[in-house]
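A.B. asks: Need a 3D model of the following:
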Amino acid sequence: MKKAVTIKDIAERINLSRNTVAKALNGQYVPERTRELVLRKAQEMNYKSLSSTHFADEGGKFRILLVSGKPLNNMNYFIPLVKGIENYCFENNYEFFQYTYNVNRTPFAVFSDYVSELDPDGIVAIECFDKNLITKLINLDKPICFNDFTAYDLPSDRNYDIISTNDEKAVCDLVKLLINKFRVKSFAFVGDSRHCLSFHERYMGMLKGILGSHAEHSKKDDMLFNDEGFDYGNAEAIKTEILKLKTVPECFICCNDFVARNVCHALKSLGIAVPSAALVAGFDNVSEATAFSPRLTTFSTDKEFLGRETMRTLVRRIKNPDTPSRMITVGTQLILRESTNRLPQL
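C.D. replies: This next block holds a predicted model:
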């Protein structure tokens, strides 16, 4: 009789610990790529305890609509995120549709008619940060999960959930580390802190990290301009704003890697070396983080897992539409690189 395949057999075949394989098979958290590797190998090896529920949600076939509030231009961030959403739908035999909604060009009535005709069971919203748009989306009365959200308050007693990264704590911990390890004494934030909830929380994380320390912060040093009127992609524009400062802060905390890279270019053009004269940190760990020297300190998120978790959250909302709205956060990993790496001041 052929010996039954065990968790140990699977672990040895893919060079993982038995504990990790057991977690993946029992539905506990492991990185999404690890989970997929374990499940595929278990299926390949005819692991007897593997059932279809490992690959598919119970509850029937759903029709899912992904709506983005603008074209998803930051491809390094959004490709794996959308891939996670698409793969989840594919594995569960859900119908999947995408719609790009332009607030300035498309009347909402046109989109509303499309939703009425499509009649999706649930909606995933990405890059939908305009407060009025969000209100209209919620009023469609469809189960909806927002990936990130507006920085402005909205009622939470409706049929929606929010999923985001743990931005405030992540940035707070980084700021405390820079203060305690590198004796950084002054900080400034670069980015529209009201662009979206994640940017706002990154700004608040910086302020919280400084609170109670000997470090200094003046709001006059922050670049918090509305991004519809200020080009954060223009290093010369950032340079002009730095020149207006009485003193250059020791560390610039930026809303994302794209902005952080342009801050580095602006500082370089001013003869301010990073990291010896100023530190710079970003967020998201996209290609801009490592494209040039110095490589950026940043935060990494498993973006495909984020997409899948968005879908899991939406499916729970579809199945239980009367549950209270939830804010679900996904952890990030700090990646310290050259842009904040300098010798501690003695």
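A.B. asks: where does residue 335 fall, phi/psi-wise?
C.D. replies: phi -120, psi 100 (degrees, to the nearest 10).
A.B. asks: Also residue 144?
C.D. replies: phi -140, psi 140.
A.B. asks: confidence score at it?
C.D. replies: As predicted, residue 144 sits at a pLDDT of 97.
A.B. asks: all helices of the stretch 151-300 of the chain, in order?
C.D. replies: For the stretch 151-300 of the chain, the helices defined by DSSP state H, counting those that start in this stretch cover 167-182, 197-210, 235-243, 257-269.
A.B. asks: hey, C-alpha coordinates of the longest one in PDB?
C.D. replies: As requested, C-alpha coordinates have been extracted for helix 167-182 and formatted as PDB (Å, rounded to 0.1, in the frame of the first residue of the first chain):
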ATOM      1  CA  ASP A 167       0.900  53.200   8.100                       C
ATOM      2  CA  GLU A 168       0.700  55.200  11.300                       C
ATOM      3  CA  LYS A 169       2.400  52.700  13.600                       C
ATOM      4  CA  ALA A 170       5.000  51.800  10.900                       C
ATOM      5  CA  VAL A 171       6.100  55.400  10.400                       C
ATOM      6  CA  CYS A 172       5.900  56.200  14.100                       C
ATOM      7  CA  ASP A 173       8.300  53.300  14.900                       C
ATOM      8  CA  LEU A 174      10.700  54.400  12.100                       C
ATOM      9  CA  VAL A 175      10.800  58.000  13.500                       C
ATOM     10  CA  LYS A 176      11.500  56.700  17.000                       C
ATOM     11  CA  LEU A 177      14.300  54.500  15.600                       C
ATOM     12  CA  LEU A 178      15.900  57.400  13.800                       C
ATOM     13  CA  ILE A 179      15.700  59.600  16.900                       C
ATOM     14  CA  ASN A 180      17.100  57.000  19.200                       C
ATOM     15  CA  LYS A 181      19.700  55.400  17.000                       C
ATOM     16  CA  PHE A 182      20.900  58.200  14.800                       C
END
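A.B. asks: could you dump the helices of the stretch 151-300 of the chain to a markdown table with distance to residue 111 and mean neighbour count?
C.D. replies: The C-beta positions use only the backbone N, C-alpha and C, and glycine is treated the same way. Compiled in a markdown table, the helices of the stretch 151-300 of the chain are given as follows (distance: least, C-beta to C-beta, whole Å; neighbours: other C-beta atoms under 10 Å):
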| stretch | distance to residue 111 | mean neighbour count |
| --- | --- | --- |
| helix 167-182 | 29 | 20 |
| helix 197-210 | 22 | 22 |
| helix 235-243 | 33 | 16 |
| helix 257-269 | 28 | 22 |
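A.B. asks: Out of the helices and strands in this structure, which is least certain?
C.D. replies: helix 32-44 (a mean of 81; mean pLDDT, DSSP states H and E).
A.B. asks: ok so, going back, would TSV of the helices of the stretch 151-300 of the chain with distance to residue 85 and mean pLDDT be doable?
C.D. replies: Converted to TSV, the helices of the stretch 151-300 of the chain look like this (distance: least, C-beta to C-beta, whole Å; pLDDT from 0 to 100):
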stretch	distance to residue 85	mean pLDDT
helix 167-182	21	96
helix 197-210	18	98
helix 235-243	33	97
helix 257-269	22	97
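A.B. asks: of those helices, which approaches residue 250 most closely?
C.D. replies: Of all those, helix 167-182 sits nearest to residue 250, with 8.6 Å by C-beta to C-beta.
A.B. asks: And the contacts of the closest one?
C.D. replies: 184-185, 187, 198, 201-202, 204-206, 208-210, 213-215, 251, 253, 279, 281, 283, 297, 299, 332, 334, 340, 342, 344-345 (C-beta atoms under 8 Å, 6 or more residues apart in numbering).
A.B. asks: Which residue ranges make up each domain of this structure?
C.D. replies: Split into domains by automatic domain parsing, the chain comes to 7-51, 63-165+302-332, 167-301+334-340.
A.B. asks: Would you mind finding the most buried of the ones you listed?
C.D. replies: domain 167-301+334-340 (a mean of 19; mean count of other C-beta atoms under 10 Å).
A.B. asks: Check the offset of that domain from the chain's centre.
C.D. replies: 17 Å (C-alpha atoms, centre = their mean, to the nearest Å).
A.B. asks: Repeat that for stretch 311-328.
C.D. replies: On C-alpha atoms, centre = their mean, the centre of stretch 311-328 falls 19 Å from that of its chain.
A.B. asks: Using CSV, write out the CA atom coordinates for that stretch.
C.D. replies: Only the C-alpha atoms of stretch 311-328 are listed here, as CSV (Å, rounded to 0.1, in the frame of the first residue of the first chain):
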residue,chain,number,x,y,z
MET,A,311,-11.4,40.0,-1.7
ARG,A,312,-11.7,37.9,1.4
THR,A,313,-13.1,41.0,3.2
LEU,A,314,-15.5,41.8,0.4
VAL,A,315,-16.8,38.2,0.3
ARG,A,316,-17.4,38.3,4.1
ARG,A,317,-19.3,41.5,3.5
ILE,A,318,-21.4,40.0,0.7
LYS,A,319,-22.3,37.0,2.9
ASN,A,320,-22.9,39.1,6.0
PRO,A,321,-24.2,42.5,4.7
ASP,A,322,-25.5,43.6,8.1
THR,A,323,-22.2,43.4,10.0
PRO,A,324,-20.7,46.8,11.1
SER,A,325,-18.2,48.5,8.9
ARG,A,326,-14.6,47.4,9.6
MET,A,327,-11.2,48.9,9.2
ILE,A,328,-8.7,46.1,8.5
